[in-house]
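Student: sequence and predicted structure are below.
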Amino acid sequence: MPKLASFRAKRDSTAAEPLSSSSSASLTSSTSSILHVDMDAFFVSVELLDRPELRGKPVVVGGQPDQRGVVTAASYEARKYGIQSAMPLRTAGKLCPHAVFLESRHHLYSEWSDRVAAILGKYSPVVEMASVDEAYLDLAGTERLHGPPFAVAHALLREITATTELPCSAGLARTRLVAKVASDQAKPRGLLWVPPGSEEAFLAPLGVRCIPGIGKVTEAALHSLGIEIVAQLASATREKLEQNFGRWGTALHRKARGGDTYEFFVDAEPKSISHNQTFSFDTDDRVALDTTLSLLCQKTMKRLREAGLSASTVTLTIRYAGFETITRAHTLREATHLDPIVLENVRRLFERHWDRARKVRLLGVSLSSFTHGGEQLDLLDSGRREKLERLAQATDRLRDRFGFSKVQFGGSLVRGKEGIDS
């Protein structure tokens, strides 16, 4: 991941009034400065870079149609057949039997996400990566350097496409909520600006499902009340919504008017760092399990070092067929950011707690209890520690330059086609 400051959203408890109220001046800026950038069909688009002959065909990422699991992403051609993310792969196979089904390669998506993040960081010091394929930028205060926000947004999208060949869309507005809805409406390959004061008019004709946070259950409940579009939701009284949805009704009342109760703040230190892998098929293959543990440890340790942290608590997650999940943790004597120490302890946990009579569905490795500096003094002799430090620095540099998948330790090289989840 590029060395960006880590920003995320925080609720602003003082913001309780709707956006259109004159009392909401403190809620947002008077200009459209929040940009939501969303990569179009990101996983599919990354796959097409390697397989351009699939362009224009229905492509589904996530696994094979006869496998257990769900669709990770679908091309726009596949979506015409009703295929959507999170749909069971078997269902997708029935909807479009002639679609091209590809295994997920999460390490590759992470590498391309990092490249996009590096571009975003050139346009604003405030970048929040909301997920691997979307981000929020605050362009307030960047006018002197880059120009007005809309021009900046246009230039940013052009640079992403020119540099990565990946399609993307964006929405520019006063609030995160409206910016996200705008980017959805701009897809594919579009940029939509919602001028200040036009938020309610922009949202009014859209279906209620477009509002972030409204899923199938809430949508159905709103439809039962005769509320199908945002304009109807906005006209409903707060009392009616609270009566039917409780505190969520208060949020719905605000969201329907484009209101936002979030602000950016720096949160440079995560609470935990983890990576999981769900196998395409339940397995008790010891080689596959060992190599997976090695790769999971390498992924988590690289992110740990990028954050400038060391960890003293290592947690292993094992999920068996049937979804029974066990989690076991071990606290080290000294915090570390070196791969061999964490991998050794993860393997010990696995040896101690793996039920060999059962097949494994998922493995996960998590790090927590972070400290800055203070690398272990007792766990390793100074000569070996120095060698491992140099090795970690060298591999991180190579991975940043060529991608994580190109530089791995031997223990993770024999692992078939499985992918690593974030």
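Tutor: Sure thing, it's come through.
Student: and Arg79, how close does it get to Pro148?
Tutor: Computed as C-beta to C-beta, to the nearest Å, the Arg79 to Pro148 distance reads 34 Å. Any C-beta I mention is one placed from the backbone N, CA and C, and that applies to glycine too.
Student: likewise for Ser274?
Tutor: In this view, Ser274 and Pro148 are 40 Å apart by C-beta to C-beta.
Student: just His106 next, same as before
Tutor: Where Pro148 is concerned, His106 sits at a distance of 37 Å (C-beta to C-beta).
Student: between these two, who's got more neighbours?
Tutor: The neighbour comparison of His106 against Pro148 (other C-beta atoms under 10 Å) goes to His106, with 20 against 14.
Student: look up the closest residue to Ser274, ignoring the ones flanking it.
Tutor: The spatial neighbour of Ser274 that comes closest, neighbours along the chain excluded (C-beta to C-beta, 6 or more residues apart in numbering), is Ser366 at 3.7 Å.
Student: any idea how far Phe281 is from the one you found?
Tutor: 24 Å.
Student: more neighbours, these two?
Tutor: The neighbour comparison of Ser366 against Phe281 (other C-beta under 10 Å) goes to Ser366, with 20 against 13.
Student: pull out the buried residues from whatever helix or strand the more buried one lives in.
Tutor: Secondary structure assignment for Ser366, by DSSP states H and E: strand 360-371. Neighbour counts using 16 or more other C-beta atoms under 10 Å place Val360, Arg361, Leu362, Leu363, Gly364, Val365, Ser366, Leu367, Ser368, Ser369, Phe370 of strand 360-371 among the buried residues.
Student: of all pairs in those residues, which one is the farthest apart?
Tutor: Farthest apart among the buried residues of strand 360-371 by C-beta to C-beta are Arg361 and Phe370. That separation is 28.8 Å.
Student: rewinding a little: quick check, the residue nearest to Ser274 in contact with Leu304.
Tutor: No. Contact criterion C-beta atoms under 8 Å: Ser366 and Leu304 do not qualify, at 10.8 Å.
Student: now for those two: what residues contact both?
Tutor: Ile273 (C-beta atoms under 8 Å, 6 or more residues apart in numbering).
Student: how distant is stretch 303-315 from the center of its chain?
Tutor: If you compare the mean C-alpha spot of stretch 303-315 with that of the full chain, they lie 19 Å apart, counting by C-alpha atoms, centre = their mean, to the nearest Å.
Student: likewise stretch 202-217?
Tutor: Averaged C-alpha coordinates place stretch 202-217 at 21 Å from its chain's average position (C-alpha atoms, centre = their mean).
Student: quick one: mean pLDDT for that stretch?
Tutor: Along stretch 202-217, the predicted local confidence has a mean pLDDT of 92.
Student: using CSV, write down the CA coordinates of that stretch.
Tutor: What follows is stretch 202-217, C-alpha atoms only, in CSV (Å, rounded to 0.1, in the frame of the first residue of the first chain):
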residue,chain,number,x,y,z
PHE,A,202,-30.7,14.8,-7.6
LEU,A,203,-31.8,12.1,-5.2
ALA,A,204,-35.6,12.5,-5.5
PRO,A,205,-36.3,10.4,-8.6
LEU,A,206,-34.0,7.5,-7.6
GLY,A,207,-35.1,4.3,-6.1
VAL,A,208,-34.7,4.1,-2.3
ARG,A,209,-32.1,1.2,-2.8
CYS,A,210,-29.6,3.8,-4.1
ILE,A,211,-29.2,5.2,-0.6
PRO,A,212,-26.1,3.7,1.0
GLY,A,213,-27.1,1.4,3.8
ILE,A,214,-30.5,0.5,2.4
GLY,A,215,-30.5,-3.2,1.6
LYS,A,216,-33.2,-5.7,0.5
VAL,A,217,-34.9,-5.9,3.9
